[in-house]
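[1] Build the 3D model from these lines:
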Amino acid sequence: MKILRFLFFFCSFGATLMFQTVEHGFPNQPSALAYDPQLQLMAIGTKSGAIKVYGAPGVEFTGLHKDTAAVTQIHFLSGQGRILSLLDDNSLHLWEIGGKEGHSYLEEVRSFSLPGRPGIESTSATRVTVLLLKLNLDLLCVGTEGGGVHFLQLPTFSLLDRSLFHDEVMQSAPEEYKCGKSLGPVEALQEHPQQAEKILIGYSRGLVVLWDLNTRHVDNLFLGKQQLESLVWERSGNTFVSSHSDGGYLVWTVNSSTPCTHQPTTSTIPYGPFPCKAVNKILWRTTETGCVNLIFIPLLRAPLVLLSGGMPRASYGDRHCLTILQDSTHVTLDFTSRVIDFFTVHCIDQEKEYDDPTSLVVLLEEELVVIDLATPGWPTIPSPYLAPLHSSAITCSYHISNVPSKLWERIITAGQSQSDWPICGGRSVAPESKQKELLLTGHEDGTVRFWDASGVSLQPLYKLSTANIFQTDCDHNDSLTQAGEEEWPPFRKVGCFDPYSDDPRLGIQKICLCKYSGKLVVAGTAGQVIVMYLSDEKSDHMIDVATVDLLQDREGFTWKGHDRLPPKTGSVVFAPGFQPVVLVQCIPPAAVTAVTLHAEWNLIAFGTSHGFGLFDYHRRDVSCLFSRCTLHPNDSLAMEGPLSRVKSLKKSLRQSFRRIRKSRVSGKKRAVQEANAQLAEQDAEMAPVQRRIEARSADDSLSGVVRCLCFADTFLRDGTHHGPTMWAGTNSGSVYAYALEVPSQEKFSEQSVEAVLGKEIQLMHRAPVVSIAVLDGRGNPLPEPYEVSRDLAKAPDMQGSHSVLIASEEQFKVFMLPKVSAKTKFKLTAHEGCRVRKVALVTFTSVSSEEYCENGLVCLTNLGDIHVFSVPALRPQVRYDCIRKEDISGIASCVFTKTGQGFYLISPSEYERFSLSARVITEPLCQVDVDRLHDLTVLRYSKLSHCLHLQFEHNEVFSCVIKICSSKYLQARMKLPVRWFVARRKHFILGPVARQGVLQHYTHCLKSTPAVTLLQT
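    The predicted model follows:
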């Protein structure tokens, strides 16, 4: 039976060699943005070379370029499930969404680098500045820093021999424009919305050219005088808009009778007349009803203008803004981080007359903001994913598995309501999670955020703020402040990223939540410990305050740190959700290093660098307090006075006597020692080599730090009577066990809790105690409060001998209770040369049988690797490389779940989630339906299309094509009605580029009919 159990351990742990991971949060250092309006997918590129594709919640793809280079541009081949990326090393890459085993994935299929121009050695001349994908998706226009425009055939990346350079454009320019500086790099490329054979080319100098691809001729010249930043067409193609470096934008009218336009139709500098920063990007969207005024009456059909930048250089040059203009409505969205890019979700049907945008999506350096353009006031839409975890710096995290449905619903009710998310492409095919999971994050600004960690999308549920409990000099109103009517510019604060904390003392250090009673304990940087109850109603009440002196009037101590946070006096209004009922203030107000809660006993325990305390939050009076100071007398940082000098003298004398005793060893004893040493060397050849571990000094200034606390119902006084106990572990390797006298529920209000020291353990090498856990007679961890009383877990074994598992930074050790005799141990530092940083007891469930499970001890070391041990035997089972050993913050932020998963910060804004259990794996399984044409047919006819000269000007030929395409056979294969071809008749009567697209995309359907003969004559 023992052999079978060991084999199961090997199989249950060894089955997870894949070490599955998934990322949560906002991508670190985003650099590019793209949107596919047909598939309704969004892509974000990062400076590390990653491409992340998002759709509906749960739909995520991630691709990583082979070379670590920043992604500067991303473009979707709309509707094809293909993505084109440009890196800062001037390379182009083509990605495809493929399918495998019922779900989609992202893979790179092709790459290309633009060759240099003959006779020009400088590589900057061919450095790509802008990309344009034609609507028929067969041609890529590439603008370069040298002013040239090159054309690539897609998806083969074949360079066509039709590049456009400066000299060809300047032939059509007026004489006064030819002299002076060159045109500069190509800054913008835009395809004509109605005539696919024409593109708009904008040069840095300000010149804009309407170029005909068929005739290779300049149709129109627009002589701008300011440095060009971006271009955008109006939907009809009669006008376009250009933005410039002086903070203004120009509206130009396209007139075939005027080949050269010297002046724009209108010129606007929104924040002039003073010098302004450049307008980096501008969008011009037409609307059918116009904007809606304050009394909800639709106004005239004014265009919606969106532009980034353009702020007054002297006054607001450091602001990150995006301006929305429509008729007399002017809103300046003020962000706390730089604007990377933005786009609108609008109508793309060519038969429609207006764009009618519904949403504005803005990618910022630290967050993603979505604005609802269809609702009066243009409110923000909460994001179901990509929420900025680091809106305020994360200081701690806490995970809860198997959340009860009642608590889940109450938290969602107290949180923010969700709106329709505009990016909803694809569908998730991952099995729905059988249980709900919560991830709580504490932040530097005193907030606690609740996240839905049940699936791939880490969705924000509820935000709790503790700042309104204290008196501070700052306003902690989280609502978006609206600009006054007379203020100019009309700023509106948008987004939740706020890197600056109002008061660092508000920072959350520890969190503990009882999922069955809805009671929450939050501890902070200034020694504040707050007990909260979950309420569904709004409340207005006073907060009880209790102060505990952890020094116990010890003399010679001087606190040189920050002051405590003064609580508010009088009643405070609290919204529905978690509401504080009592505040326990530790003195000195040092940061809380450990906290635990036992809701069934109405007790909390907390610890700092000076000691630990126990508090009955049901009675809430001073008599309910118990505390103990853990400071060492030689603590150089905490103690000042003669005591430290006396202790140092005693230590010196003790060490001198020890050296004298060692030098007086007799010759006989030396011989015995030598014989023993020889035997030890022989045994060492058989046993594994262990490192020598030196004992740590008791004079460590941080020896009094309380590292862990726990409650347990176990045997402490004798082996026949069990009862409530509290355990505390310190940085000096000391463990304190207290027996508690907890009154029955009927007498909670009458009697107070009493604590008596039962055991005190001192580890040999004084290594810091990381974790303490009590095991029952079967070696299983004790259940949580209320689990047994509510029949949610099996009752612990109280017949056999209990044991306590103490994990230090160097080793794991199991002691039998109540005698506290060592049973087994594993010296991790001696065997592996690493130190323990995080420890958790995890339940591993069998993949084949849900009823069978075993417990394991999971630990994360300072080298970033994860070790799994059996419990209570402490046999090593498996080891994984998880986190880079240089990533100290990632190791410090790691938190384990009870089901074999873990979270750690891979950047300030991203969690990486890993799965150790083969049964509990969270991965993005999703599917995107892509109606992509066959690449083989495209490649087969790509060379042929270069030399064919097709003419469709005759109506007979066009009618023949329509008849063929309207046949039932082709309709069944192409799934396209006749009106589709009629609406796109212009594609059949255009020049070489359009004819090339006809062959590439439709010949595979036409080649089986006599029309091919007609087409190739």
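
[2] quick one: the strands in the stretch 251-400 of the chain?
    Listed in chain order, the strands of the stretch 251-400 of the chain (DSSP state E, counting those that start in this stretch) span 260-261, 266-268, 279-285, 304-309, 320-326, 329-335, 339-345, 359-364, 368-372, 394-400.

[3] Mean pLDDT and distance to residue 102 added to these, as CSV?
    No exception for glycine: its C-beta is placed from N, CA and C like everyone else's. CSV is the format used below for the strands of the stretch 251-400 of the chain (pLDDT from 0 to 100; distance: least, CB to CB, whole Å):
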stretch, mean pLDDT, distance to residue 102
strand 260-261, 91, 56
strand 266-268, 94, 53
strand 279-285, 96, 38
strand 304-309, 96, 40
strand 320-326, 95, 40
strand 329-335, 95, 40
strand 339-345, 97, 29
strand 359-364, 97, 30
strand 368-372, 96, 29
strand 394-400, 96, 30
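
[4] now the helices for the stretch 101-250 of the chain?
    Under the criterion DSSP state H, counting those that start in this stretch, the stretch 101-250 of the chain contains helices at 166-170, 175-178.

[5] Which of those has the lowest mean pLDDT?
    Lowest mean pLDDT within the helices of the stretch 101-250 of the chain: helix 175-178, at a mean of 80.

[6] need the contact list for residue 52.
    Contact analysis of residue 52 by CB atoms under 8 Å, 6 or more residues apart in numbering lists 27, 43-46, 60-62.

[7] Then residue 258?
    Applying CB under 8 Å, 6+ apart, one finds that residue 258 lies in contact with residue 220.

[8] related to what we said a few turns ago, would you turn the helices of the stretch 101-250 of the chain into TSV with mean neighbour count and distance to residue 228?
    Putting the helices of the stretch 101-250 of the chain into TSV (neighbours: other CB atoms under 10 Å; distance: least, CB to CB, whole Å) gives the following:
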stretch	mean neighbour count	distance to residue 228
helix 166-170	15	14
helix 175-178	10	14
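
[9] Dump the ones you listed to TSV, plus distance to residue 257.
    Below are the helices of the stretch 101-250 of the chain laid out as TSV (distance: least, CB to CB, whole Å):
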stretch	distance to residue 257
helix 166-170	21
helix 175-178	20
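
[10] Figure out which of these is closest to residue 607.
    Closest approach to residue 607 among the helices of the stretch 101-250 of the chain is made by helix 166-170 (72.0 Å; CB to CB).

[11] hang on, the earlier thing: which of the strands of the stretch 251-400 of the chain is buried the deepest?
    Of all the strands of the stretch 251-400 of the chain, strand 304-309 has the most neighbours on average by mean count of other CB atoms under 10 Å, namely a mean of 24.

[12] Could you check the angle that strand makes with strand 279-285?
    Strand 304-309 runs at 170 degrees relative to strand 279-285, counting by axes from the mean of the first three to the mean of the last three CA atoms, to 10 degrees.

[13] packing partners for strand 304-309?
    Here strand 304-309 touches strand 279-285, strand 320-326, strand 339-345, going by 3 or more CB pairs under 8 Å, 6 or more residues apart in numbering; DSSP states H and E.

[14] could you redo the last one with a cut-off of 10 Å?
    Judged by 3 or more CB pairs under 10 Å, 6 or more residues apart in numbering; DSSP states H and E, strand 304-309 is in contact with strand 228-233, strand 239-244, strand 249-253, strand 279-285, strand 320-326, strand 329-335, strand 339-345, strand 359-364.

[15] For residue 303, find the nearest of those strands.
    Closest to residue 303 of the helices and strands packed on strand 304-309, according to CB to CB: strand 279-285, at 5.7 Å.

[16] Taking strand 249-253 as reference, get the angle to that closest one.
    Going by the same axes, to 10 degrees, strand 279-285 makes 50 degrees with strand 249-253.

[17] before we move on, back to that, Serialize the helices and strands packed on strand 304-309 to CSV and add fields for distance to residue 778.
    Output for the helices and strands packed on strand 304-309, formatted as CSV (distance: least, CB to CB, whole Å):
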stretch, distance to residue 778
strand 228-233, 69
strand 239-244, 72
strand 249-253, 74
strand 279-285, 65
strand 320-326, 59
strand 329-335, 56
strand 339-345, 56
strand 359-364, 53
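
[18] ok, back up a step: right, so of the helices of the stretch 101-250 of the chain, which gets closest to residue 588?
    Residue 588 lies closest, by CB to CB, to one member of those: helix 166-170, at 72.0 Å.

[19] in the stretch 651-800 of the chain, which spans are helices?
    Using DSSP H, counting those that start in this stretch, the helices of the stretch 651-800 of the chain run over residues 667-686.

[20] The stretch 501-650 of the chain now?
    642-663.

[21] and of the helices of the stretch 101-250 of the chain, who's closest to residue 325?
    For residue 325, the closest of the helices of the stretch 101-250 of the chain is helix 175-178, at 30.9 Å, according to CB to CB.

[22] ok, now how distant is residue 610 from residue 378?
    Using CB to CB, to the nearest Å, we find residue 610 at a distance of 52 Å from residue 378.

[23] hmm, back to that, wait, which of the helices of the stretch 101-250 of the chain is closest to residue 372?
    Among the helices of the stretch 101-250 of the chain, helix 166-170 sits nearest to residue 372 (CB to CB), with 42.3 Å.

[24] What are the contacting residues of that closest one?
    Contact with helix 166-170 is made by 146-149, 173, 177-178, 182-184, 186, 201, 203, 207, 209, 211, 216-218, 221, as judged by CB atoms under 10 Å, 6 or more residues apart in numbering.

[25] Just the ones of those in strands?
    Judged by DSSP state E, the subset of the contacts of helix 166-170 located in strands is 149, 186, 201, 203, 207, 209, 211, 217-218, 221.

[26] Can you report how many residues lie near residue 517?
    Look at residue 517: counted by other CB atoms under 10 Å, it has 16 neighbours.

[27] That'll do, ta.
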